[in-house]
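Colleague: sequence below, structure please.
(one chain, ligands or ions: 1)
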Amino acid sequence: MSNSAARPVDLRETPQPSVGTIDDARVTPMMQQYLGIKVQYPDCLLFYRMGDFYELFLDDAEIAAKALNIVLTKRGKHQGEDIAMCGVPVDRSDDYLHRLIALGHRVAVCEQIEDPAEARKRGGKSVVKRAVVRLVTPGTLTEDRLLEPSRANHLVALSRLAESDVFGVAAVDISTGSFTVAETPSGSLPALLARLAPSEIVLADALHADGVVADMVAESKAAVTPVAREFAEAGLAERRLRDWYGVETLDGFGRFSRVEIAAAATAVAYVTRTQVGARPQLQAPSRIEQSGAMEIDPATRANLELTRTLGGERAGSLIDAIDQTVTSAGGRLLAERLAAPLTDPAAIAERLDAVTWTLVDGATRTRLRALLKAAPDMARALSRLALDRGGPRDLAALRDGLSAARAVAGLLNSASNLPAELLAAAAAAQAVGQELVEGLAAALADDLPLQKRDGGFVRRGYDPRLEETRALRDETRSVIAALQGRYAEETGIRTLKVKHNSVLGFFIEVSQATGESWLKPPQNALFIHRQTMAGAMRFATVELSELDQRIAAAAGQAVALELAVFDRLAAAVLASAPAIRAAADGLAAIDVACSLGEIAASRSWVRPSVDTSLAFAIQGGRHPVVEAALRTRGKGFVANDCDLSGTPPRGQAKGGGRIAVVTGPNMAGKSTFLRQNAVIALLAQTGSFVPATSAHIGIVDRLFSRVGAADDLARGRSTFMVEMVETAAILNQAGPRALVILDEIGRGTATFDGLSIAWAAVEHLHEVNRSRGLFATHYHELTGLAKSLKRLQNLTMRVTEWQGDVVFLHEVLPGAADRSYGIQVAKLAGLPRAAIERARSVLAQLEATSRAAPVARLVNDLPLFAVTAPPAPVAGFAEPRADPLRDALDAINPDELTPKAALDALYALKRVRAGAV
Ligand SMILES: Nc1ncnc2c1ncn2[C@@H]1O[C@H](COP(=O)(O)OP(=O)(O)OP(=O)(O)O)[C@@H](O)[C@H]1O
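Modeller: Predicted coordinates:
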C-alpha cells in the first residue's frame, strides 16, 4: 500500500489549503496554481492536465515514475530545488490509472476548465483555470477499461457504534448503482466481507486504529481508506442520506438500524468526495439478506477456490469452471449467487426450476444465448451516463441492450410452461418503452467515436439544422481545396500547398525561394507571412482566413448541435433508468439460468434435491475443476459416493455416519473427494445442477473447509497457529446444520500433539457440534474412533501395488487404510534412490519400535472424553459431569514418583473410581 493511501482522507467538501509556499513570489503562476490544488489532495497523486498530457510534479512525480516505470524529468525550480516531473498522455491515461490504482494509490484528476484562448485574453502570464473533477480510487471506478466485466466493484463502508460489537456495513457499486446495507456482529464480519469481496473499504480512522478491526479489514485484501472521524459521524448520518436522496424521511426505503445508516452515510460521503459534484445514480439502499444465505468464512472461500485459486488466479477457480454466461452482467450475477448460496429450499427450487426449463428446451436455450450475446453492459453504461462520463457508445450500448431484451422477452413469451423466475425476468426485460430504443436507433450513426466531443455520432439526416451546418462545413472545405488550384494557377507555383494545423489554421506553404519573393511587392499585398521553416515558408490570405473562420464556426456549431442531441438522448435514457436497470437484471437472470443449463447439458450434471432434512447423500460425485483439468489431459475422473446422512445404507441395519474419517495414501485423492462434496453442496444451494448422478442435500447453513494451513507470515502467525485458530473457529461455531471439511488438521506439529488434537477435534465435532463432516487424515489411529462414536464412519482410498509401485485408483470405499505408501509417493516424485533406500530402512526400524510400544493400541483404548477437557456446551447439549478420576490423574506427576508411591497412587485411583461410580 502506498503512503498516499494510508493517510486518513479528509472528507470536507472544500479542504482549506495551508498556504505558505503558494504565495511565495519566487513561485511561477502555474506552480502556484498547482500547489494550491495539490494541497487540497494530499492523499492523492495529482494528474495535472497540460494540453495532451497529465503531468505529475515533485513527490507525486517520483512515486508515479517509479510505479509506472516512466521517465522522470525536471521542469524549472521551486524554492531553489529542481522540480521533478513526469507525464502520461491523456489518450492512454486509463492504462496508467489502472496500474496506479492496482498498486493502492488514489489519483486526483485535474482538468483545464476553460479554453486556453480565454486565459490568453486575461494577459500573457495568466494560467488556464483548472479544477479537480474526480478522485479515482479502487472502489469508485466506472470505466470499462478499469473494471473487470464479470465482477462487481464494491466500495464498502464500515461503522460501529461506541461500545458495541455490532458493525454496520454498506456496499456501493457506483459502476452499476447497486447499494446494499447490513448489520452484523463482529464474528460474522469477515464472512460478510469475503462475500462482498470489496475493492476498497472506507472506515473512520478511529475504527481503523482498533487492531482487531484493522486485521479483519486487511484480511479482505481490499484497499483501505481511513476517513476523518466527523465524516463517519452517526449523528449526521441520517441527514446526509436524506439530502442525497432528496427525501424528508428514510422510512420509504425500509427500516434500517442506526449503525446501518451510519455506514450508508459514510459510503455516500465518500462517493460525494470522490466524484466532486458528479452524482452517480445510486439505487435506494436495500438490506443484504444474511439469514437467507449460507455463511462461508474467508478461509473456506479461499480453500475451496471459489473465485480465485490459492495462487490468486481466476483461471482454475470454481467460478471459472462453471461460468458459461455470455454477458458481463450475467457473469456478475453468477458470481454474486455463488458468493451467497441460499438456505431456503423454496427459493433454491425456484432457481432450479429455471435451470431445468433451459435444460429441457435446449433449442430455445441456444437461441436465447445467441440473442444475449448481443446485449452490452447496460447497467455500467447507464451509470456512466448518469455521471456525465458517458459517450456515444454508452448510448449505443443501451440501444443494443434494450433491443436484445425485447427479442429475448419475445422468445420467452412464445414459450410454454415458463417457470416463475423466467416469467418475471421476461416481464422486466420488455418493460422499457419501444420509443426509447427507436429514438436511439434513429439518432445514432453506425460508427461511433469514443468521446462525444469528437462529434460525428449523430446519424446523417437525423437533425436538419445539424445537416445544414455540416453541409456548410463540408462545402467550405471543398472551396479551400479548390483554392489551392487557383493560387497555384495565379502565381504559377505548381508546388504550392494549402495545409492546416491547430496553431495557424489554414495556410499556404511554399519553398524558401518562392517565400522570399512573396515577402516583396506585389505578392506581399496578397500573401501575409506567418512562419518561416527550414526550407519552407508559410503564408495566409484574407480569403483563406475568412474561410478558416467559417469552417471553425461551422464545425463548432455542428459539435454543439450534436452535443445537444446527446444530452436529449441521455436525459431520455436517465428518465427510464429504473426500468432499464430492471431489464438489465432480467437479462442477467436469464443468462445465468441458460449458462447453468448449458453446463448441466454438456457435462451431465443433475438436479439436486434440497430440503430441510439433515441428509447428505451424493452418488457419483465429481469435482468440476479437477474433472475439467483431467479432461484436458485426456484422463477420466473417478466418480465417488458420499453419504453423511447418518442413516444406515439401504438394506443394512447398521452403519452410516454423519462424519467420515478418510484415510489413504498421499496423492490418492482425499482432498479432491473432500472438496468435491463441499462444492456440490454449495452449487446445489446456489441453484445450480451438480456434478453427480444424484444428490440429496439437507440445507447447509454454514460451510467450513480447512486444510492443514499455510503460513500467514504477514500477520505474524506460524503454520500451526493459523491451523489452530481456524480449527478453533470451527469447533466454536459449527452447528448441526453445518458441513465441515477438515483436511489433515494437526499435521503442523509433533506427531503425538497433532494426533491428539485431531482426535479431540473429531470427538468434539461428533459429540458437541454434531455437524456433518469429512475428515481426511494420515493418523490411521483415528479410524479406531468408529468403534466408540456411533455416527462416525471410515472411508479409504483404494490403491493397488504393481511392481513395487503404488497405483492410485481414486476410488472411495468404506474402511480404513492399512498403510501410507509415503515412500512410494516420494519415489514417484523423483527423490534420489539413496534417500529412498535410507527412508525404507528408517521406516522399518520405526515400525519395529512402535510394535514394541504399541501407541496405536494405547490410543485406541482411550475412553471417550475421559481425558479431554469438557467441551464447551452448545445449545441443546448437557454440561458434561464433573470427573474426580480425571482430577486425581491430573494431580499425579509420574516423573516424581518412586515405585512405592506409584503403587499407592494406583490404589488411590481405584478408590476414586469406586467412589465416583
Ligand atoms: N476421483 C479422482 N479421479 C481421478 N483422478 C483423481 C481423483 N481424485 C484425485 N485425482 C488426481 O489425484 C491428484 C491428487 O489428488 P489429491 O490432492 O486429492 O490427493 P490427496 O490424497 O489429498 O493427497 P495428499 O495427501 O498428498 O494431500 C489430483 O490432482 C488428481 O489429478
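Colleague: who in the stretch 451-600 of the chain is up against the ligand?
Modeller: Within the stretch 451-600 of the chain, no position is near the ligand by Cβ under 6 Å from any ligand atom. (C-beta placed from N, C-alpha, C; glycine too.)
Colleague: and the gap between Ala329 and Pro138?
Modeller: 21 Å (Cβ to Cβ, to the nearest Å).
Colleague: any idea whether Ala817 is helix, strand or coil?
Modeller: Following DSSP: H, G, I helix; E, B strand; the rest coil, we place Ala817 in the coil state.
Colleague: I figured it hits Thr796, correct?
Modeller: Yes - between Ala817 and Thr796 there is a contact under Cβ atoms under 8 Å: 4.6 Å.
Colleague: common neighbours of these two, please.
Modeller: Thr663, Gly664 (Cβ atoms under 8 Å, 6 or more residues apart in numbering).
Colleague: once you drop chain neighbours, what's closest to the residue in the stretch 51-200 of the chain that the ligand sits nearest to?
Modeller: Residue nearest to the ligand within the stretch 51-200 of the chain (Cβ to the nearest ligand atom): Ala194, separated by 23.8 Å. Spatially, and ignoring its direct neighbours in sequence, Ala194 is nearest to Pro298 (3.9 Å; Cβ to Cβ, 6 or more residues apart in numbering).
Colleague: could you identify the helix or strand that succeeds the helix of greatest length in the chain?
Modeller: Criterion DSSP state H: the longest helix present in the chain is helix 542-575. For helix 542-575, the succeeding helix or strand toward the C-terminus, using DSSP states H and E, is helix 577-603.
Colleague: chain center to that next one, what's the gap?
Modeller: Its chain's C-alpha centre and that of helix 577-603 lie 19 Å apart, by Cα atoms, centre = their mean, to the nearest Å.
Colleague: got it, and stretch 803-814?
Modeller: With Cα atoms, centre = their mean, you get 40 Å for stretch 803-814.
Colleague: CA atoms only for it - export them in PDB, please.
Modeller: The C-alpha coordinates for stretch 803-814 follow below in PDB (Å, rounded to 0.1, in the frame of the first residue of the first chain):
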ATOM      1  CA  GLN A 803       5.900 -54.000  -9.400                       C
ATOM      2  CA  GLY A 804       6.700 -52.300  -6.100                       C
ATOM      3  CA  ASP A 805       5.000 -49.000  -7.100                       C
ATOM      4  CA  VAL A 806       1.700 -47.700  -5.800                       C
ATOM      5  CA  VAL A 807      -1.100 -47.200  -8.300                       C
ATOM      6  CA  PHE A 808      -3.900 -44.800  -7.300                       C
ATOM      7  CA  LEU A 809      -7.400 -45.900  -8.200                       C
ATOM      8  CA  HIS A 810      -9.100 -42.800  -6.800                       C
ATOM      9  CA  GLU A 811     -12.000 -44.900  -5.500                       C
ATOM     10  CA  VAL A 812     -13.500 -44.200  -2.100                       C
ATOM     11  CA  LEU A 813     -14.500 -47.300  -0.100                       C
ATOM     12  CA  PRO A 814     -15.700 -48.000   3.400                       C
END
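Colleague: in contact with Ala582, which residues?
Modeller: Contact analysis of Ala582 by Cβ under 8 Å, 6+ apart lists Ala428, Ala431.
Colleague: how about the residues of this structure near the ligand?
Modeller: Proximity of the chain to the ligand, by Cβ under 6 Å from any ligand atom, involves residues 626, 630, 637-638, 664, 666-672, 810.
Colleague: these in strands, which ones?
Modeller: Cross-referencing the residues of the chain next to the ligand against strands under DSSP state E gives His810.
Colleague: rebuild the residues of the chain next to the ligand as a markdown table, extending it with neighbour count and pLDDT.
Modeller: Formatted as a markdown table, the residues of the chain next to the ligand follow (neighbours: other Cβ atoms under 10 Å; pLDDT from 0 to 100):
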| residue | neighbour count | pLDDT |
| --- | --- | --- |
| Val626 | 19 | 93 |
| Leu630 | 16 | 92 |
| Phe637 | 20 | 93 |
| Val638 | 19 | 94 |
| Gly664 | 29 | 85 |
| Asn666 | 19 | 77 |
| Met667 | 18 | 80 |
| Ala668 | 26 | 84 |
| Gly669 | 25 | 89 |
| Lys670 | 26 | 90 |
| Ser671 | 19 | 90 |
| Thr672 | 19 | 92 |
| His810 | 21 | 88 |
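Colleague: and this protein, what are its domains?
Modeller: 3-136, 147-290, 323-433+576-603, 464-566, 609-860, 884-916 (automatic domain parsing).
Colleague: how near is Ala891 to the ligand?
Modeller: 41 Å (Cβ to the nearest ligand atom, to the nearest Å).
Colleague: now the longest helix of the chain: average pLDDT?
Modeller: The average pLDDT within helix 542-575 is 89.
Colleague: which secondary structure elements does it sit against?
Modeller: Secondary-structure packing of helix 542-575 (3 or more Cβ pairs under 8 Å, 6 or more residues apart in numbering; DSSP states H and E): helix 378-386, helix 392-413, helix 434-443, helix 464-491, strand 505-511.
Colleague: touching stretch 635-648 from outside, list them.
Modeller: Residues contacting stretch 635-648 (Cβ under 8 Å, 6+ apart): 613-623, 626-627, 630-631, 649, 654-660, 669, 673, 676-677, 692-693, 696, 698, 739, 772-774, 791, 809-812.
Colleague: circling back: winner for burial among the helices and strands packed on helix 542-575?
Modeller: For the helices and strands packed on helix 542-575, average neighbour numbers computed from mean count of other Cβ atoms under 10 Å are highest in helix 378-386, which has a mean of 25.
Colleague: which other residues reach that helix?
Modeller: With contact meaning Cβ under 8 Å, 6+ apart, helix 378-386 is reached by 142-144, 147, 174-177, 279-281, 328-329, 390-391, 393-395, 397-398, 401-402, 570, 573-574, 577, 580-581, 583-584, 587.
Colleague: how about a cut-off of 7 Å?
Modeller: With Cβ atoms under 7 Å, 6 or more residues apart in numbering as the test, helix 378-386 has contacts from 142, 144, 174-177, 280-281, 329, 390, 394, 397-398, 401, 570, 573-574, 577, 580-581, 584.
Colleague: I'd guessed Trp130 sits against Cys110; true?
Modeller: Quick fix: residue 130 reads Arg, not Trp. Yes - Arg130 lies in contact with Cys110 (Cβ atoms under 7 Å); the separation is 5.3 Å.
Colleague: look at those two and report which has more neighbours.
Modeller: Legend: neighbour count by other Cβ atoms under 10 Å for Arg130 and Cys110, higher for Cys110 (24 against 19).
Colleague: that one is in what secondary structure piece?
Modeller: strand 107-112.
Colleague: report the rounded mean pLDDT for that strand.
Modeller: On average, strand 107-112 scores 92.
Colleague: so in that sheet, which strands flank that strand, and in what orientation?
Modeller: Strand pairing for strand 107-112, using DSSP bridges, gives strand 45-50 (parallel), strand 130-136 (antiparallel).
Colleague: closest to Leu310 out of the domains of the chain?
Modeller: domain 609-860 (7.9 Å; Cβ to Cβ).
Colleague: count of neighbours near Pro341?
Modeller: 23.
Colleague: tell me who's in contact with it.
Modeller: Contacts of Pro341 by Cβ under 7 Å, 6+ apart are Ala293, Met294, Leu682, Gln685, Thr686.
Colleague: surely the last one and Glu336 touch.
Modeller: To tie it back to what came earlier, the one meant is Thr686. No - if you go by Cβ under 7 Å, Thr686 and Glu336 don't touch, sitting 9.9 Å apart.
Colleague: who's more crowded, these two?
Modeller: Thr686 (24 against 18).
Colleague: nearest residue to that one other than its sequence neighbours?
Modeller: Pro341 (4.7 Å).
Colleague: tell me how far the one you found lies from Thr300.
Modeller: 12 Å.
Colleague: picking that back up, more neighbours: which of Ala329 and Pro138?
Modeller: Ala329 (27 against 23).
Colleague: quick check: phi and psi on the more buried one?
Modeller: phi -60, psi -40 (degrees, to the nearest 10).
Colleague: residues near the closest residue to it other than its chain neighbours, how many?
Modeller: Counting by Cβ to Cβ, 6+ apart, Ala588 is the residue found nearest to Ala329 once chain neighbours are left out, at 4.0 Å. The local packing of Ala588 (other Cβ under 10 Å) involves 26 other residues.
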